[in-house]
Each structure stands twice: as C-alpha cells, then as structure tokens.
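Engineer: Quick one, structure for this:
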Amino acid sequence: CREISLTHLTSQPRREIRLTSLTRMKWTEKQKRTYTGSTLPGEKKDTTSVPFPQSYSPEYVESGWYQWWEKEGFFTPEYHNKLPHAASRTFSLCIPPPNVTGTLHLGHALTVAIQDSLARWRRMLGCKVLWVPGCDHAGIATQSVVERRLLREHGKHRQDYGREEFLREVWKWKNEKGDEIYHQLRKLGASLDWSRACFTMDEGFSRAVTEAFVRLCDSGLIYRSEALVNWSCALGSAISDVEVEMKQLTGRTLLSVPGYEKRIEFGTMVTFAYPLEGVEGEVSVSTTRPETILGDVAIAVHPEDPRYKDLHGRACRHPFTERLLPIIADALVDKELGTGAVKVTPAHDHTDFLLSQRHSLPHLTVIGGDGHMTSLCGQWLEGVRRFDARERVMEALMEKKMFRGRRDHPMSLPVCSRSGDVIEPLLRKQWFVRCGEMAGKAIQAVDDGELEIIPSFYTKTWRNWLSNISDWCISRQLWWGHQIPAYRVSLPNSKNNQEELWTWGRTEEEARQRAVTKFKTLPSDITLSQDTDVLDTWFSSGLFPFAMLGWPRKTPDLAQFYPNTILETGSDLIFFWVARMVMLGTELTGQLPFKQVLLHSLVRDKHGRKMSKSLGNVIDPLDVISGVSLERLQEKVKEGNLDPRETTVAMEAQRKDFPKGIPECGADAMRFALCSHKIHGEDINLSVSQVLSCRHFCNKMWQTVKFTLGALENSGSPLGTTISPLSSIDRWICSQLYSTVLQCERGFENYELHSVTSTLQSFWVHSLCDVYLECVKPVLAAGNGAEDGEVQRARQILFHCVSVSLALLSPFMPYLTEELWQRLQPHGGTADPSTSLCVQGYPQSSQLAHLHFPQEEAEFPLVQEVARVTRSLRIDLLAYLWVVCTPTQAKTLLRFAPAVNTLARISNLHLHYPDDSENSPHVPSAPRPPKGCAVGVVNHSCQLHLDVQVDAISKRREKVVCTLQQLHAQTRTPKYQEKVPERVRKETENRISAMQQELKNLEDQLQALDRGGNRGP
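Structural biologist: Below you'll find the predicted structure:
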C-alpha cells in the first residue's frame, strides 16, 4: 500500500471543470463492479471479509446500504432517543411532492440533494429530524396519462366507462406505477421517513382537504361565482392564473396548437369595419382574435378621443347577426392601440368583461369548452373549431368588403403550462378562494420578520405578487381528484328558480343538515347533488405542511413538528405552492406553516436552456447515477409523446451532447455536483461533465482511504480519538482540519452549500492528499513498526483527518462515506460496530479547538510557495536548493524543513539570510548561492537559487513569458473589474508582479551565463 502514489490524482480546478462539455471531456467506460458479499437485503453490508476493490465503482459502493439504513430506522425521529449526542431540538420539513405520474428530473434531484444534506447534517448534530416523503395525485397529468392508456389499449374514452369505473382504473394504475417515484428517491439516498409517506389522495389527507374546504366556506373565504376563467380546451378544464404562461411574440408567428394538424398564425392585428346605423359611415376596429366577432356586444372608444366624439351614444350594425352594437365611451380604452376603437366581447376577454359590468352589457359565449363555436354563431360556424372559424370569419369579412387590413402585432399569448394549448377565457360558474385578506397577512408576516425568505431579494417579488393577487379559481372539470364537498340543493318549489342554491359539508348528511338550517325546510324536502368538479391540485398541496402531520386531528406529530422548521423548494414554486401554503396554513391553523423559506435556482442545461423533452436535453437522474447508452437515450425520446419534428430535433441534440451516452457517475457524485453550485441567484447551468469530475473526486477519496488502510494495517492496538500533533506538518494539517470544520459550520448555517462542498474538496485534495500524504509517506516508509512513536502519531493523525473528513462529507455523499467509514472504524476502536455514520455526531469546531494552531497555518503558505516555485524551476531532480530570505522566513522553513524537502523534491536545503541576532534561527546562515543559478521569486523578500543549465533557464523563461501573457489577457477581458472579485484581482496582480521580477532575473541570468558560464554547486 505504501507504493501507491496520490501525486497524479489531483483534481482539476473546479472553475475549469464547469466550463468543460462532455463532448470535450475525455472519459472511458469503467468496468462496473458488483458487490458480491452474502449480505441479505436489510442486513448490514459486510465490509470486513470482502476485499477492498482497487478503484471506486458507484454500483459496488451504493448497493446494500439504503435497505439497512431504512430497516434500522435511522431516518425516523424515534431513533433520536438512541443517539448519545441527542439534543433537545427538532428539525422538520416536507419534500415538495412530485407528481405520481412522472419520473424525477434534475430539478427534483437538486431539491433532494439540498434537503437531504440539511436533514442529514441536522440529524448528525443531534436534532430530532422529521423529513416526510409525499406524492401529489396530479389531477390533470394523471387523468391524461390514464385516458391515453385506456384509449391506446382498449380504444375507449373515459366517458365510455363512467366516473366510478374510470376512477377504479386510475387507482389501479396508481398502485402499479405510483411507487416509481419513491424508488428513485431511495436511489438518490434521500433520508426520508418512509413510515410517514403521504399521498394526497389517501383517506387521511382527503379528510384534511374536505375540512379545509368546509372551514373556508364557513368563513366566507370560498365562494361561488360566474366569472371569466382561464380555460384549456385541450384539457376541458379551468386552470389557475399561475398555470398560464405568457408567450411573447414579436409579430406574425406560426405555432403548434393541440388538436390542429397545421400551425396556427398568431401575432397579427386584423382591422375591419362596422357600418354605422342610421347614417353613412363606419367604425374600424382592430383585433387579434377575429373568431370572437360573433360575441361582440358593443364598440368602446376613449371619451377624450376626438375621432369619435360625435359617435358617443350611436350604434353600429353587426354584419353577421344584424345585432345593434352601442358605441360606449370608457377610459379603459387605449387610444394609441389599433384604430382607437375596440370591439367588446365580454364572454371572451377579461378587460371586456370589466367593461360589461360597468355598462350593463350582455355576455354572449360563442366558443364552447371543447373549443368549438356555439349555436349563437349561426349554422355557418356552429361546431367549427375556433381557429378554423378564424379563417372563415376572415373570408366572410372580405366577402362583405368589411376587411380593412392585417399587420404584425407584438403580443403576449396566454398558453396552458399543462397542455400547451392556447388559453380561451370563458365565462363559467366556479368556486373561488378570496385571497386579498390572506395575502395581506402573508405580506405582513415577511415584513414583521416572522417569515424569512432566503435569499432576501425574493421578498420584493413576494410583496409585489401578493399585493396584486386575484381570487383563486379552485374548480377543475376533472374526475380524478378531490371531488368538491359542495352540494346543489333542489327544493320542491325551486325548479323554476334561476338562482343556484348550494350547501357544503364534511359528509352528505352534514350538508343536508346545513341545508335544512339554511333554507328552513324539512330534510325530506331536500335533494342534494354533489358538484362533479374536483379541487385544484394546488389546493391540496397547499395543505401539505400540516396535513402530512395528521391535521385536523391533534396528533403528536402535529404538536411536535408543526410549524415546520423550513420549506426548501425551487424559486419557480413561490406562487404555485409557497404563497398558497402560507395563506392556507395561517388561516386554517393560526400559525405560519414554516419559519423559513429557502428558494433555490432552476437547473438548466450546459447551454443555459430550459430543460425540455422537445430539445432533447432533459436528463433523468437515474441515467446519471447508473449510466446509459446513446441508443437507450434515443429510445426514450421515441417512447415519448413528441411530434416527429420535435423527435428529430431532440435525437440530434442527444447525439451531439452525449455521443457515447452518459457515463455511470453514481448518486454521491451527482448530489455533490448539484450542491457545488451557488443555489441562490442565477440559474444553474449543469452538464454531465461536472458530475463526472465529482466522480473523479470520489475515486480520489477511495484511493486515499485505500492508502490509509494500508498504513494502518500493522498499527497494533486501536488508535482511539486522542491525538497529540508534535511536528509542524502534523500541527498544520490538524489546524487545517479545524478551519475546515469551522467553514462547514458557517456554510451550513447560512445555507451556502456550495461553500461547504468547495471547502471539503479543497481540504481533501489540496491539504490532505497533495501535502500531508506526501509528507507522511517518508515517515511511514522509514518507521520501525507499531512501536515507533513517530510512525504511530502519523497513523493517528492520518486516521483522525480521514475519519473526520468522511463525517463532514457524509450529508453530501452518504453511500461512499458510509462504505469507507465502516472499513476504517475497526482501527479506531471507539464506534459501535452496529451503527452507521449517518447517526454519528457531526464534527464541530468546539470539539477541535485544541487542534487550532494559527501560527502554523499562517506560516505554511510560504512553504507551499517555495515548493511550487522550486518545482516549476526544476527540469531534472536537483540535489541542492538555496533560499535567500529574511531571518523570520528562515525560521519557518527550518520548522517545516522535512515538508520543504518532500514537496520540493530536494535533498538539501540551504538558507541564506542577513545576520539578525534577535530573529535569526539557531542554525547559522548558509553561504551565498553559487553564481549562475536559476532564480525563482517567491515574493519581494524570498528568492530561490537552483543550479541549472542554460537550456533549462531558457525554457523557464519561455514558460514565464507565456504565463504572463495569459495573466495579462485575463485582466483585459471585458468588465474584468466588475465581474472578478477584488481578492482574485489582487492575487492576479501579485502573480504578475512576481512573474515580471522572475522574468527579469531569468534574463539577467542568461546574460551572466553568456558572459561567465555556468557553475555547479
């Protein structure tokens, strides 16, 4: 094991890795190793009798552990009582429930990586942790999936089954496929409490949904009204405002619309004329939706528009229906838009609906819920699809010579985020949540500091959106979901009454009793019909933080873990989910559902594009974990629901980005890569190459522990936990570890996980491997066995550093750290062999404060710089190095002399310094360095002199010139001063200064050698 060298395992700088694409990163398929031990599922994995593999294999490492963790109950809050380091604090959170229909994507993986890191960290700190898994019934998505399946397999629509039978089919599908999400979460290593898993259609959760609806109705916060709603003809259902995406068009654009074979034109303004009634003349109006002409009931102009002053109170004759259209004046009209006169279609436009309320105009619905024109349009259009009707209307206008032109018009087109359909505003009677008062409380909670939103810049977004919130339409015209617990009441004398009578209740019997009281009649006189609509999925999701704990029942979980400690989710859910949880939680429980909201950025592909199936850039986390061939990636695209054009584009993108498929990276590498990004701020551009580089780091950890195990092989008695670093290099590495723990604490407390991962990787690679292991190898190689005190101390410190580092990394890399920690623990002799790393205490700076040696930490950068400059000057191994420095620097280099010799690869160190009786070392100053040496500059007071040949100095000069050119080029990049942190700019300036001095010295040396030759030592 002592022959293993870690010199060549140094990872690339992370910034360079992040700019590398998979097509340029060289990788070869690694042989997959399978764990072959006799461990049964749920038993602890055998790490003692199985040989340690030569290299890291994710499949080998990640097998077996999760079943054991779950069986032992490590992830349940009840296990807290067994922790020797248990603290009297709780930490609770819920996972944003993924749709039961889907599979996890990288956005989900980022959420899981962040939440699990926080949960595992808190658990290791001794907190009683509850992290509840859940799954959303996803009304629209699930119903669509099952409908397509039934049509494909049986040739039947849901209407052919009837509601009850169709719902049985949905439950059958859910029981067959619904656990796939949970399988994926386990593969990611999520430390969820599966005994409390929660599905939003479970009996208990459904009871909570009914309770919430009834209470909100009783308090007047839910009401029924006729209003314009966002209607998706493709879904046959209303959707909420936040489910509408505004597609920005700059002009004429052809777009695909569900149900249409050819693309439909949008982004044009059509102008046509309405003839004035009773007088000669016409009024030209402009519209982007000519198909709604049949629903026009008036023409509106601005009261101060001089062009139409004389027409106020007059009317126009409709060219198709002969209906009179009054000309009304209203300041809502934009004089500069189109002709300044607008057609008013109250049943199909939000602004027009407002105008109709002001001017008592009728509402004519000319487009039905299925997207076809209604009977009000006349036989020539009845039953015609809306965008086909658009063309017919245009032809009819031209035929009647009423068409006045068409031009490009920039516009915002509302599109359903669920179906891709163009939204049709339709007039419908629906149930709404009155949001104004609840939104005000949500704003106040943030303003008063009761609710903290992280990062804080989202508070402005929060305030702006909630200040302008509309009432929330919660009715959905679906069968799958929570059927609204409201009942239409029929009374003996109410058949001819146009007014709808409604009641609600937790059960039909309760609703009947409420109706008896409300309408003052006998129970036998009442006929109830439950609303066939279901509630918006986001209504049930909004109850998750307390419904998952048993609300409305007063359960022990609710008392102990509500409010939740934190809500962590993607910033895109701030309105869909977060605001609604805050509003509903505060109203229904009297408390905020959580104390903090942590919002992370969105994950995009390496080009900065939103991940989309049609672009071929959606990455399945399981494919990154296990690896996948290009052929399988292409098969997945073909199995999707893309049209042929999109399939071609997606497959070509995959061939370009993943020419050899995706390599096996493992869950640990993917989690570490995701958490290595700054999650607060700009979107995350993730490429598989970044995950692959983290796999390389995993292999470096593997090789480090392999070396460590070899060093501990004959260590004799267990090493224990008490260490006493004596040498300068031992004190330095222990102090570096203390500083690392301190930075991890700060990073976790501030939710800056990228800072924690960067700190840990830097310590492991640059401090532990590049420096300490190289320095300790000669000690271990020269030792005389277990009785050698220096060797035993080196083993102790090596064991201590590796063990503590594994614990620090455990929240991010649970599988790899468990595997390596279990193999190390027999040498420590302190851990219970039946326990897991995930329930050990997390290293704390207060426990390691005695290992903080600030002097060694402050002095060691000089040693590193001397070693770096020496190695950069040397072509072949040199026996002698002269350092011309100050007495203080000489003291430092003497203290770290073994490290200098090892890291700089020299056999003799000569220190030349001015005589200073107070600061001089005890060792006399060496003679001046010989003439003709190559000179390297560490800083203004420290120079290195090496005896080299002229050609070596020339090569060094060329290298320095090249490096200087690169550094100067960096400083001349656009916006260098604004984009590059001051610390980095200062470091670059110092490097340039040192390089310029070195270049001058090299040129002086070459001139001197030309004059006097070169002399060896």
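Engineer: in this structure, which residue is closest to the centre?
Structural biologist: What sits nearest the mean C-alpha location of the chain, by Cα atoms, centre = their mean, is L110, with 4.0 Å.
Engineer: ok, that one - contacts?
Structural biologist: G570, H600, V603, L674, I679, I684 (Cβ atoms under 8 Å, 6 or more residues apart in numbering). Placement of C-beta: from N, CA and C, glycine included.
Engineer: I'd like those residues written out as CSV, with pLDDT, distance to M373 and neighbour count added.
Structural biologist: Below are those laid out as CSV (pLDDT from 0 to 100; distance: Cβ to Cβ, whole Å; neighbours: other Cβ atoms under 10 Å):
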residue, pLDDT, distance to M373, neighbour count
G570, 90, 40, 21
H600, 92, 46, 28
V603, 85, 42, 23
L674, 94, 50, 30
I679, 85, 49, 24
I684, 82, 46, 20
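Engineer: now for the residues you listed, which pair is the farthest apart?
Structural biologist: Across the contacts of L110, the longest distance by Cβ to Cβ is 12.4 Å; it joins G570 and L674.
Engineer: For R957, state which of the contacts of L110 is nearest.
Structural biologist: Nearest to R957 among the contacts of L110: I684, at 42.4 Å, using Cβ to Cβ.
Engineer: mind showing which ranges of the stretch 501-650 of the chain have poor pLDDT?
Structural biologist: For the stretch 501-650 of the chain, the stretches flagged by pLDDT under 70 are 612-616, 641-643.
Engineer: For it, which segments are assigned as helices?
Structural biologist: Ranges of helices in the stretch 501-650 of the chain, per DSSP state H, counting those that start in this stretch, are 508-519, 537-541, 544-547, 556-561, 579-589, 621-626, 630-639, 644-657.
Engineer: Show me what counts as buried in the third one.
Structural biologist: The neighbour-count check on helix 544-547 (16 or more other Cβ atoms under 10 Å) flags F544, P545, F546, A547 as buried.
Engineer: counting contacts, what elements does it pack onto?
Structural biologist: Under the contact definition 3 or more Cβ pairs under 8 Å, 6 or more residues apart in numbering; DSSP states H and E, helix 544-547 sits against helix 203-218, helix 579-589.
Engineer: can you do 6 Å?
Structural biologist: Using 3 or more Cβ pairs under 6 Å, 6 or more residues apart in numbering; DSSP states H and E, no helix or strand is in contact with helix 544-547.
Engineer: okay, it in PDB with CA atoms only?
Structural biologist: Extracted as PDB, the C-alpha positions of helix 544-547 are listed here (Å, rounded to 0.1, in the frame of the first residue of the first chain):
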ATOM      1  CA  PHE A 544     -49.100  19.600   2.900                       C
ATOM      2  CA  PRO A 545     -47.000  21.000   5.900                       C
ATOM      3  CA  PHE A 546     -49.800  20.300   8.400                       C
ATOM      4  CA  ALA A 547     -52.000  17.700   6.600                       C
END
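Engineer: what's next to that helix, contact-wise?
Structural biologist: C94, F205, A208, Y562, N564, M581, T589, P593 (Cβ atoms under 6 Å, 6 or more residues apart in numbering).
Engineer: For the fourth one, what are phi and psi?
Structural biologist: Main-chain torsions, Y562, degrees, to the nearest 10: phi -120, psi 130.
Engineer: Report the distance from the longest helix anywhere in the chain to the chain centre.
Structural biologist: With secondary structure taken from DSSP state H, the chain has its longest helix at helix 982-1012. For helix 982-1012, the gap between its own C-alpha mean and the chain's C-alpha mean amounts to 45 Å (Cα atoms, centre = their mean, to the nearest Å).
Engineer: Please apply the same query to stretch 791-806.
Structural biologist: Centroid separation for stretch 791-806 versus its chain: 36 Å, with Cα atoms, centre = their mean.
Engineer: Show me the contact partners of it.
Structural biologist: For stretch 791-806, contacts defined as Cβ under 6 Å, 6+ apart pick out 708, 711-712, 715, 719, 723, 725, 730, 737, 764, 768, 776, 779, 783, 817, 820-821, 824, 843.
Engineer: How is E265 assigned, secondary-structure-wise?
Structural biologist: Per DSSP: H, G, I helix; E, B strand; the rest coil, the secondary structure class of E265 is strand.
Engineer: Excluding residues flanking it in the chain, which one is nearest it?
Structural biologist: Spatial nearest neighbour of E265, chain neighbours left out: L254 (5.8 Å); criterion: Cβ to Cβ, 6 or more residues apart in numbering.
Engineer: so that neighbour sits in a helix?
Structural biologist: No - L254 sits outside any helix when classified using three-state DSSP, being strand.
Engineer: Verify the stated contact: it with R263.
Structural biologist: Yes - L254 is within contact range of R263, at 3.9 Å (criterion: Cβ atoms under 6 Å).
Engineer: just the helices in the stretch 151-300 of the chain please.
Structural biologist: With DSSP H, counting those that start in this stretch as the criterion, the stretch 151-300 of the chain has helices at 158-161, 163-177, 180-187, 203-218.
Engineer: Can you say which of those helices is nearest to V270?
Structural biologist: Proximity of those to V270 was assessed by Cβ to Cβ; the nearest stretch is helix 158-161, lying at 36.6 Å.
Engineer: Contacts made by stretch 268-285 with the rest, please.
Structural biologist: The contact list for stretch 268-285 (Cβ under 6 Å, 6+ apart) reads 252, 286-288, 290, 299, 315-317, 339, 341-343, 397, 402-407, 409.
Engineer: I meant stretch 250-267, not that one.
Structural biologist: Around stretch 250-267, the neighbours that count as contacts under Cβ under 6 Å, 6+ apart are A234, L249, T268, F387, D408, P410, M411, L413, S419, G420, D421, V422.
Engineer: out of these, who's nearest N908?
Structural biologist: Closest to N908 out of the contacts of stretch 250-267 is G420 (74.4 Å), distances taken as Cβ to Cβ.
Engineer: for that closest one, what are its contacts?
Structural biologist: Contacts for G420 (Cβ under 6 Å, 6+ apart) come out as P258.
Engineer: any idea how far L413 is from it?
Structural biologist: Separation of G420 from L413 (Cβ to Cβ, to the nearest Å) stands at 12 Å.
Engineer: now do H968
Structural biologist: Distance of H968 to L413, given as Cβ to Cβ: 50 Å.
Engineer: who has more neighbours, those two?
Structural biologist: Set H968 next to L413 and count neighbours by other Cβ atoms under 10 Å: L413 wins out with 16 against 12.
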